[in-house]
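Engineer: this one's sequence-less:
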């Protein structure tokens, strides 16, 4: 992955949340069925609630135990989605990640590249050892994407989440730093 910096790939760049991203987050909440972000799975919300939610996140300091970055397409500099890091456990060296790509930006390789940028940062710069992700069992596209990136299924939480009138299984997948670096070039040590 060539790129200008560690947050820029061939197709996307990851950047901090800006207050004007509120419309992008509103659209994500409206068109996604696989959001893992409980704070976006709510009854219909006002534009103002999205503006204040986004402004609050834009004001947070970068990094830390949990963070959210905007996925921006390099071709058009458009808001394409978001990627999150959370549930970090520094003692065990574990973290979780989640990706949400807007409907009109899917199937372009944005999700794969955004996840890889996060993995490189967390494994190389932050020295974490393992990344976990939870995906609804019916989300074949996301399961296939993560498996292509080297994630391995570690378990299934049966009837774990309830939405849209039914209970749904959640698949837990993980990838270790060693597994990731076995098929990716480590960044040079400076």
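Structural biologist: Cool, the structure landed. Quick caveat, the model's predicted, so the values are computed rather than measured.

Engineer: where exactly do the helices run in the chain?
Structural biologist: Secondary structure of the chain (DSSP state H): helices at 22-31, 47-58, 110-120, 140-148, 177-181.

Engineer: Give me the angle between the longest one and helix 22-31.
Structural biologist: Between helix 47-58 and helix 22-31, the angle comes out at 110 degrees (axes from the mean of the first three to the mean of the last three Cα atoms, to 10 degrees).

Engineer: residues of helix 47-58 that come out buried?
Structural biologist: Within helix 47-58, the residues scored as buried using 16 or more other Cβ atoms under 10 Å are 50-51, 53-54, 57. In this view, the C-beta of every residue, glycine as well, is placed from N, C-alpha and C.

Engineer: what does the fourth one give?
Structural biologist: Of the residues in helix 140-148, 142-143, 145-146 count as buried by neighbour count, 16+ other Cβ under 10 Å.

Engineer: Residue 175 is in contact with residue 119, isn't it?
Structural biologist: Yes - proximity of residue 175 to residue 119 meets the contact threshold set by Cβ atoms under 8 Å, at 7.4 Å.

Engineer: Identify the contacts common to those two.
Structural biologist: A shared contact of residue 175 and residue 119, defined by Cβ atoms under 8 Å, 6 or more residues apart in numbering, is any residue touching both; here these are 131, 149.

Engineer: between the buried residues of helix 140-148, which is closest to residue 45?
Structural biologist: The shortest separation between residue 45 and any of the buried residues of helix 140-148 is 24.1 Å, and it belongs to residue 142 (by Cβ to Cβ).

Engineer: so where is the protein shaky, pLDDT-wise?
Structural biologist: The model of the chain has pLDDT under 70 over residues 1-4, 32-43, 63-64, 189-190.

Engineer: Strands of that one, start to end?
Structural biologist: Chain-ordered strands for the chain, with DSSP state E as the definition, fall at 12-15, 67-73, 79-89, 94-101, 130-136, 152-163, 166-176.

Engineer: hmm, who's touching the third one?
Structural biologist: Strand 79-89 has contacts (Cβ under 8 Å, 6+ apart) with 12, 14, 17, 21, 23-25, 28, 36-37, 65-73, 94-102, 105, 110-111, 114-115, 118, 122, 128, 132.

Engineer: swap in stretch 90-103?
Structural biologist: Outside stretch 90-103, the residues touching it (Cβ under 8 Å, 6+ apart) are 24, 27-28, 31-32, 34-37, 71, 79-89, 110-111, 114-115, 118-119, 122, 127-134, 142.

Engineer: Same question for stretch 111-119.
Structural biologist: Counting by Cβ under 8 Å, 6+ apart, stretch 111-119 makes contact with 1, 6-12, 14, 69, 71, 81, 83, 85, 97, 99, 101, 131, 142, 145-146, 148-149, 175, 180, 184, all of which sit outside it.
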